[in-house]
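1. okay, here's the prediction I keep looking at, along with the sequence it came from:
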Amino acid sequence: MRRRSFLLSIAVPLLLIAGPVHAGRVLCYGDSITFGSVAEGSWVPLAQEMRPDHVWVNAGFGGRGTNPTSIADFQHEIDSGSYQVVTILLGINDPMLGYTSAETAAHVYAMARYAEAHGLTVFVLTPTPVLPSTSETLRRYVRDVAQHLVHQQMTENPARVHLVDLHAAFSGIPYPATDGMHPSRAGSGIIASVVTKALAEHGW
């Protein structure tokens, strides 16, 4: 009994010191889908609850697209060296910036490649759906962006860039959105669950 107590007294502190094997800081870079709202919150704090071994940093900003200013801000965050993992969720605002769906996907993957070149593990999230009541054009746009991202992932097959198809995650179920575009708390929960599962599947 004494021997068992002695071993436990050593093992428990060692576990506390070691902590999770791949605990890290996760930069969640995106637009208002990531930023969330006062009423419904964001998927990022829900991911924090699901995976408290990581530090999840909400870098969402309303109206953000894949324009040069946003890309420069992203690169600045990556250059800070504060993160080990990054998620990128952009595209819904790009039609207002005059980009085609193919250009949006190319911009997102350029950002992903930049982060990968700086040693980060990258999770590219396809845009979430929007309801037909919002805009059929926008709905088709985000669907096309998702398809382009899937194609780029399959074609390039980068070692440390992983695609998380959020668009497909909502397939077959009513998209839980507060205004046709921004997810409700239930929708954010689905996003958080899919993202945290993806991180775990790739060693995080």
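-> Thanks, I have the structure now. Values in this document were obtained by computation on a predicted structure and should not be read as measured data.
2. who's the most centrally placed residue in the chain bridged to?
-> With distances taken as Cα atoms, centre = their mean, T87 lies nearest the centre of the chain, 3.4 Å away. Applying DSSP bridges to T87 yields these beta-bridge partners: C28, F123.
3. in the protein, which spans are strands?
-> With strands called from DSSP state E, the chain shows them at 25-30, 55-60, 85-89, 121-125, 161-164.
4. now those as CSV including distance to S188?
-> Glycine gets a C-beta too; all of them are placed from N, C-alpha and C. Output for the strands of the chain, formatted as CSV (distance: least, Cβ to Cβ, whole Å):
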stretch, distance to S188
strand 25-30, 12
strand 55-60, 11
strand 85-89, 12
strand 121-125, 13
strand 161-164, 15
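5. let me have those strands in JSON lines, extended by mean pLDDT.
-> Output for those, formatted as JSON lines (pLDDT from 0 to 100):
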{"stretch": "strand 25-30", "mean pLDDT": "98"}
{"stretch": "strand 55-60", "mean pLDDT": "98"}
{"stretch": "strand 85-89", "mean pLDDT": "98"}
{"stretch": "strand 121-125", "mean pLDDT": "98"}
{"stretch": "strand 161-164", "mean pLDDT": "97"}
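6. what's the closest of these to A39?
-> Closest to A39 of those, according to Cβ to Cβ: strand 55-60, at 15.4 Å.
7. direction included, what does the closest one pair up with?
-> Partners of strand 55-60 in the sheet, by DSSP bridges, are strand 25-30 (parallel).
8. export stretch 196-204 to CSV, keeping only CA atoms.
-> Once non-C-alpha atoms are left out, stretch 196-204 reads as follows in CSV (Å, rounded to 0.1, in the frame of the first residue of the first chain):
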residue,chain,number,x,y,z
THR,A,196,-12.0,20.2,-32.5
LYS,A,197,-12.4,16.8,-34.0
ALA,A,198,-10.3,17.7,-37.0
LEU,A,199,-7.5,19.0,-34.7
ALA,A,200,-7.5,15.7,-32.8
GLU,A,201,-7.4,13.7,-35.9
HIS,A,202,-4.2,15.5,-37.0
GLY,A,203,-2.4,15.2,-33.7
TRP,A,204,-3.7,18.3,-32.0
